[in-house]
Structure formats: structure tokens, C-alpha cells
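>>> A predicted structure for the sequence below; I have some questions about it.
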Amino acid sequence: MSKKVILTGDRPTGKLHIGHYVGSLRRRVELQNSGLYEKIFVFEADAQALTDNIENPEKVRQNVIEVALDYLAVGLDPAKTTLFIQSQIPELCELSFYFMDLVSVSRLQRNPTVKTEIQMRGFSGESIPVGFFTYPISQAADITMFKATTVPVGEDQEPMLEQCREIVRRFNNIYGETLVEPNILLPENAACLRLPGTDGKAKMSKSLGNCIYLSDSADEVNRKVKTMYTDPEHLQVNDPGHLEGNTVFTYLDAFATDEQVSRLTTDYATLQEMKEHYTRGGLGDMKCKKLLMAVLQETLEPIRLRRAEYEKDIPAVYEILRKGCEVARAEACDTMDKVRRAMKINYFDDRALIEEQARRFQK
Ligand code: TRP
């Protein structure tokens, strides 16, 4: 059996919300506990976050601990998963530097993620910082440094993975089989790909104020659900309701099991039955929201409790990260030894080289 290694990470630019939970965190915990992977690395891409928060290092610094707490709260277990911080692994810079020889400017310009981000952030023409422009290269280093076979990420990261695979193939072609070509592992459930904001907008985002955070109190969650966007045409209870674009039902799809629906409501055995009643008319939004509140509390309460435990000892959380960085660095050093050997820049480790040169010059 070949050894499978998972690597994935997040930019620490804000606390994690329930969109992150259904989109990636829940799956990571399952993968961690599946026993199918030899090694699992989950890291905070703080250096990558700095590429577009150049003047806001404090924001990144504050969120490193928030995201670490969120990771631990959802059940990532430092005994099974190596949690680390990108900037603390200097070998990543080294590998990125060599990867830069293998990628052209036009290839980077064609990366769809880079393209849209350039537009979104309003960089015009060549004013884009080089570090930001080249972050797909640095991301390829993140992945290959840890010999990842499997990278669980959202669809938006597909171009990054493709670019990484190209770099690996090019490297192995030139320098010999050295690096592992990774596979993307996309979320299974289409409804979970991207959870909309509580206002029904396409995406949860801090600036829109439409997020439910993993660290929100029970009251905050209930308050946010109460004002959630539903179906603007569902004015009277008896009006037929629409499920499409109805945020309450999108969230129920993402979170509620039929077991919960039948236990937490008096009238329905499955979510499907409830949806049918809503579509027919006669089911009010508040009843649906009440169910969603109950379901969310069942999911979030254990997360909240675990977070509260870790919050009691913040130095211990930094210690978990520090130890994770040590483990990650050992792996990075091993990969860099192989890379340096392949690239013929391992001068001092290569006795044969030294002896050969000695002979050459003695003649
Ligand atoms: N680009 C990812 C994001 O914005 C974070 C990231 C950086 C990452 N390096 C990675 C994800 C390597 C997976 C593998 O969320």
C-alpha cells in the first residue's frame, strides 16, 4: 500500500465560520479519524496571507491564534494531525526559489485564480506585487514539501493544484523522480461547496457581516438565524414557499440529518417531508428557523465547549503550534535533502564529488 499524506491549510485572515466547517473542516476531521492516512498536515498560510495584507501584519498575527483555536475546537487532534505555521518553515522559501525557475510569467498570468484575484483586488497592469503574483509557486512548495498525495480543498483551488502538478512533472523530468504529484480531494456534497451568507448573498464574508462563526455564542447564533434570508415571496404562512435560494433550507441541507429532523420536530420524519410542506404552503419560516437553530446548536455546542477549554490555556496552544512546526520542519529538511541532491547542489554531503574533484585537480 502506498503511503498517503494529506496536506491542507487556510490563510489566517479571520475567524473560521460555519461555511468553513461544512466546506472543509468537518471533512478534515473525518479524514483524520479515518485511519487511512499515514500523515496529516494542516497549516496556517500566514506568509501567503501577508502577500495581500502587506500593511496589516497585526491582523494576520491576531488570527493565527483564532484559527488555531478553531482547528482544535472542531476536533483536529494534535496527536494525529500536525498543526503548523507556514512562516516558521524557512525551507518553503528555498523550494519556492527553485520552483520559480520552472514557471513562466505567462503561465502565472493564465492561472484563473490569480486572474480573478488581480481583478478583485484592483491591481492594474504591472502594479501587482511579485510576491502576490507568484503565490501559486509558493503554494506548490507548501504541498510538495510535505510529500502530499492528497490535498482536500475547495473547487477554487483547482488551478493551484494543476499548476503544482505541472511544476512537479517539470521538476521530475529535469532532475529525476524526486517530488510527489498530488491529487486534489474536492468536497463530496455539492450543497456544501459554498455556504451562502445569512443574508442569502453568495458567500459568507466578514466585510458583509453575514457570517455565523464557530466561536459565536448560542445567543448570537439564534439571533443571526432569526434574521436570516428566506423566500421573499413567502409572505403568508399559507403561501407556497420556494426552496431555491432559501438560505434556511440551504443550511438545513448542509447540517441537518433526518434523525435530527424527526427528533427535533413533531411533524416530520425527514427533511424532504418538511420541504414538501413548505413548498405546498402552510409552513411558516419561523418553524424552519427554529429547527435550524436546534440543529446548529447541536453541531456548535461541542465545538464551543472544546474551544472554551483551549482558551483557558493559550500558551499551551502556542506550544502545540510550536511542536507542530518542529515536526513539519523535520519533514521539510528531508525533502530539501532530496531536492538538493537531485539539483546537484548538495556539495558538502557528496563525498564522491569531493573526491572526484580532488583527483581531477591532482593530475
Ligand atoms: N490558498 C489557500 C486558501 O486561500 C491556502 C493554502 C496555502 C493552501 N497553501 C496551501 C491550501 C496548500 C492547500 C494546500 O485557502
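Now that the structure is in, tell me what you want to look at.
>>> for the rest of this, base every contact and every neighbour count on C-alpha atoms.
Will do.
>>> can you give me the helices in the stretch 251-363 of the chain?
Under the criterion DSSP state H, counting those that start in this stretch, the stretch 251-363 of the chain carries helices at the ranges 258-264, 271-280, 285-311, 314-342, 351-362.
>>> any chance of the ones you listed in a markdown table, plus mean pLDDT and distance to L69?
Formatted as a markdown table, the helices of the stretch 251-363 of the chain follow (pLDDT from 0 to 100; distance: least, C-alpha to C-alpha, whole Å):
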| stretch | mean pLDDT | distance to L69 |
| --- | --- | --- |
| helix 258-264 | 96 | 27 |
| helix 271-280 | 96 | 32 |
| helix 285-311 | 97 | 6 |
| helix 314-342 | 98 | 8 |
| helix 351-362 | 92 | 47 |
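>>> now the ones you listed as TSV including distance to the ligand and mean neighbour count?
Shown next, in TSV, are the helices of the stretch 251-363 of the chain (distance: least, C-alpha to the nearest ligand atom, whole Å; neighbours: other C-alpha atoms under 10 Å):
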stretch	distance to the ligand	mean neighbour count
helix 258-264	31	16
helix 271-280	31	16
helix 285-311	21	17
helix 314-342	14	17
helix 351-362	35	10
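>>> distance to I167 added to those helices, as CSV?
Conversion of the helices of the stretch 251-363 of the chain to CSV gives the following (distance: least, C-alpha to C-alpha, whole Å):
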stretch, distance to I167
helix 258-264, 45
helix 271-280, 46
helix 285-311, 38
helix 314-342, 13
helix 351-362, 28
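>>> closest one to S207 among the ones you listed?
Distance to S207, taken as C-alpha to C-alpha, is lowest for helix 285-311 among those, at 22.6 Å.
>>> tell me what angle that closest one forms with helix 314-342.
Going by axes from the mean of the first three to the mean of the last three C-alpha atoms, to 10 degrees, helix 285-311 is angled at 80 degrees with respect to helix 314-342.
>>> tell me the angle of helix 285-311 relative to helix 271-280?
Interaxial angle, helix 285-311 versus helix 271-280 (the same axes, to 10 degrees): 140 degrees.
>>> show me what helix 285-311 is packed up against.
Packed against helix 285-311 by the contact rule (3 or more C-alpha pairs under 8 Å, 6 or more residues apart in numbering; DSSP states H and E) you find helix 57-74, helix 218-226, helix 247-255, helix 258-264.
>>> and Q88, which of the helices of the stretch 251-363 of the chain is closest to it?
The stretch from those with the least distance to Q88 (C-alpha to C-alpha) is helix 314-342; that distance is 6.6 Å.
>>> domain assignment for this protein?
Partitioning the chain according to automatic domain parsing yields domains covering residues 5-194+313-355, 218-310.
>>> sorry, back to before: can you lay out the helices and strands packed on helix 285-311 as JSON lines showing distance to T198?
Rendered in JSON lines, the data for the helices and strands packed on helix 285-311 read as follows (distance: least, C-alpha to C-alpha, whole Å):
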{"stretch": "helix 57-74", "distance to T198": "20"}
{"stretch": "helix 218-226", "distance to T198": "7"}
{"stretch": "helix 247-255", "distance to T198": "7"}
{"stretch": "helix 258-264", "distance to T198": "21"}
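>>> nearest to E162, of those?
Within these, the stretch nearest E162 is helix 57-74; the backing value is 26.7 Å (C-alpha to C-alpha).
>>> how distant is that closest one from the center of its chain?
Its chain's C-alpha centre lies 13 Å from the corresponding centre of helix 57-74 when counted by C-alpha atoms, centre = their mean, to the nearest Å.
>>> which residue, other than its chain neighbours, is closest to N172?
Once its chain neighbours are removed from consideration, N172 has its nearest residue in T178; the separation is 5.8 Å (C-alpha to C-alpha, 6 or more residues apart in numbering).
>>> can you verify my assumption that the one you found contacts M343?
No: judged on C-alpha atoms under 8 Å, T178 makes no contact with M343 at a distance of 9.9 Å.
>>> more neighbours: which of those two?
T178 (19 against 15; other C-alpha atoms under 10 Å).
>>> per-residue confidence at that one?
Per-residue confidence (pLDDT) for T178: 98.
>>> secondary structure element holding the residue in the stretch 51-200 of the chain that the ligand sits nearest to?
Minimum separation of the stretch 51-200 of the chain from the ligand (C-alpha to the nearest ligand atom) falls at Q139, amounting to 4.4 Å. Using DSSP states H and E, Q139 sits within helix 135-145.
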